[in-house]
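J.: Here is my input, please return the structure:
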Amino acid sequence: MNAPLPRHRHNFSNLMFQSILLIVCSHGLSLSHAYSTSSSTNRPLDSSSIASNAIDTTLQHHHVPGKNASHNPMERRTFFQRGTAALTLATATTVSAAIHPQSAEAATPIPNLGSPAPEFSLLNTRGQTVTLDSLTADPEKWTVLYFYPGAFTSGCTIEARKFQEDLPLFQEKNAQVVGVSVDSVTKISEFCTSEGLDFFMLSDVGGKVSKAYGTSLSIPGFGTFSNRQTYIIDPKKNVRWVFVDVESHIPKHSSEVLDKLKELQQV
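T.: Numbers count the residues shown, from 1 in each chain. So this is what the prediction gives:
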């Protein structure tokens with residue numbers, strides 16, 4: 001049984017960071033691409049809708065203290081925390097609305113299917129330098145390179161756990177799973193250790209590689225993040241498939257990647 005999702009202190013800075021990722025993911029959802037395998041029912045919501053829904057969920061699923069709440073320190077603290085969460089998400093909506101549409105788009109186009117995957121050289125969670133050449137050194141090895149917004153966030157934790165659960169199946173297909181984010185080596189190392197991951201992740205601080213793969217989202221005032229996208233790269237270093245609509249169905253994403261990998265290997 002998996003351990004509970006990581007619990008963070010309910011302070012303002014953490015809530016603000018979660019809100020920033022909310023903006024990132026909502027803008028990522030609005031990106032469309034011919035490689036998407038989602039059905040027409042998985043329609044993206046705009047950032048204001050997502051933030052509003054989150055605020056509504058906060059208020060609807062928790063009891064809001066009445067007039068006597070001020071007499072109970074615990075209820076007063078809880079009410080303040082929930083109010084702060086709602087206020088932070090509302091702020092995220094305002095910030096998102098102020099972002100110029102082009103500023104949140106991918107910096108470069110997503111590589112075409114069949115084209116060479118962009119070269120890179122990044123440090124992994126084990127302190128080793130990893131390149132595309134080193135990943136494809138085995139002439140039979142396939143690579144699942146998945147980009148995610150941030151370690152220790154709920155969506156990214158679920159995604160990593162699912163890839164870990166299916167790792168033996170990927171290995172049976174002679175494929176390796178590698179995660180990429182703009183997080184520091186220290187942070188992704190702690191993340192892998194905390195979740196007991198048997199695959200490593202790469203630190204793309206500054207988002208240079210994310211930009212090369214068309215998955216970078218730069219938000220003025222907040223920095224650069226990796227959009228949640230997954231690339232299947234064959235042993236010849238060619239991009240064979242790209243998943244761009246991952247956010248709407250994270251729990252089943254790993255199994256979808258596995259199915260597509262099997263399909264591509266049969267061609």
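
J.: Out of the helices and strands in the protein, which is least certain?
T.: Sorting the helices and strands of the chain by mean pLDDT, DSSP states H and E puts helix 47-60 at the bottom, at a mean of 34.

J.: can you give me the helices in the chain?
T.: 12-30, 47-60, 73-98, 132-135, 154-172, 185-195, 208-212, 253-265 (DSSP state H).

J.: Considering those, which stretch scores lowest in mean pLDDT?
T.: Within the helices of the chain, confidence is poorest for helix 47-60, with a mean of 34 (mean pLDDT).

J.: I'd assumed Trp142 was in contact with Val178.
T.: No. Assessed by CB atoms under 8 Å, Val178 is found out of contact with Trp142, at 11.1 Å. For glycine as for every other residue, the C-beta is placed from the backbone atoms N, C-alpha and C.

J.: I'd like to know how many residues surround the spatially closest residue to Leu113 that is not a sequence neighbour.
T.: In space, and not counting its chain neighbours, Leu113 is closest to Val239: 6.1 Å by CB to CB, 6 or more residues apart in numbering. Using other CB atoms under 10 Å, Val239 is surrounded by 21 other residues.

J.: Tell me the pLDDT of Val239.
T.: 98.

J.: Find the nearest non-adjacent residue to Phe191, please.
T.: Among residues not flanking Phe191 along the chain, Ala151 sits closest, at 3.7 Å (CB to CB, 6+ apart).

J.: And the one you found, how far from Met201?
T.: Note on Ala151: its distance to Met201, by CB to CB, to the nearest Å, is 8 Å.

J.: Do you know the pLDDT at the residue lying closest to Gln229 once chain neighbours are set aside?
T.: Distance criterion CB to CB, 6+ apart; nearest residue to Gln229, sequence neighbours excluded, is Thr215 at 4.5 Å. Per-residue pLDDT puts Thr215 at 93.

J.: Look up how far His253 lies from Thr215.
T.: Relative to His253, Thr215 is positioned 15 Å away (CB to CB).

J.: Name the residue in the two with the higher neighbour count.
T.: The residue with more neighbours, out of Thr215 and His253, is Thr215; 30 against 22, by other CB under 10 Å.

J.: Assess the claim that that one and Phe147 are in contact.
T.: Yes. Counting by CB under 8 Å, Thr215 touches Phe147, with 4.6 Å between them.

J.: Next, the contact list for the residue nearest to Gln229, please.
T.: 106, 110, 147, 226-227, 229 (CB atoms under 8 Å, 6 or more residues apart in numbering).

J.: Val130: what's its closest spatial neighbour, skipping adjacent residues?
T.: Of all residues not flanking Val130 in the chain, Asn124 sits nearest, at 4.9 Å (CB to CB, 6+ apart).

J.: what are the bridge partners for the one you found, then?
T.: Leu202 (DSSP bridges).

J.: Surely it is in contact with Asp204?
T.: No. With contact defined as CB under 8 Å, Asn124 does not reach Asp204; the gap is 10.9 Å.

J.: what about the two, which has more around it?
T.: Neighbours per residue (other CB under 10 Å) separate Asn124 from Asp204, with Asp204 holding more: 25 against 21.

J.: That one contacts Val182, correct?
T.: Yes. Between Asp204 and Val182 there is a contact at 5.3 Å, judged by CB under 8 Å.

J.: if I pick Pro111, what's in contact with it?
T.: Contacts of Pro111 (CB under 8 Å, 6+ apart): 117-118, 213-214, 231, 239, 242.

J.: nope, Met201 is what I was after
T.: With CB under 8 Å, 6+ apart, Met201 has these contacts: 124-125, 151, 178-181, 188, 191-192.

J.: Check Pro109 and give its pLDDT.
T.: On the pLDDT scale, Pro109 gets 87.

J.: measure it to Lys211 for me?
T.: 11 Å.

J.: who has more neighbours, the two?
T.: Here Pro109 and Lys211 are compared on neighbour count by other CB under 10 Å; more neighbours surround Lys211, at 19 against 9.
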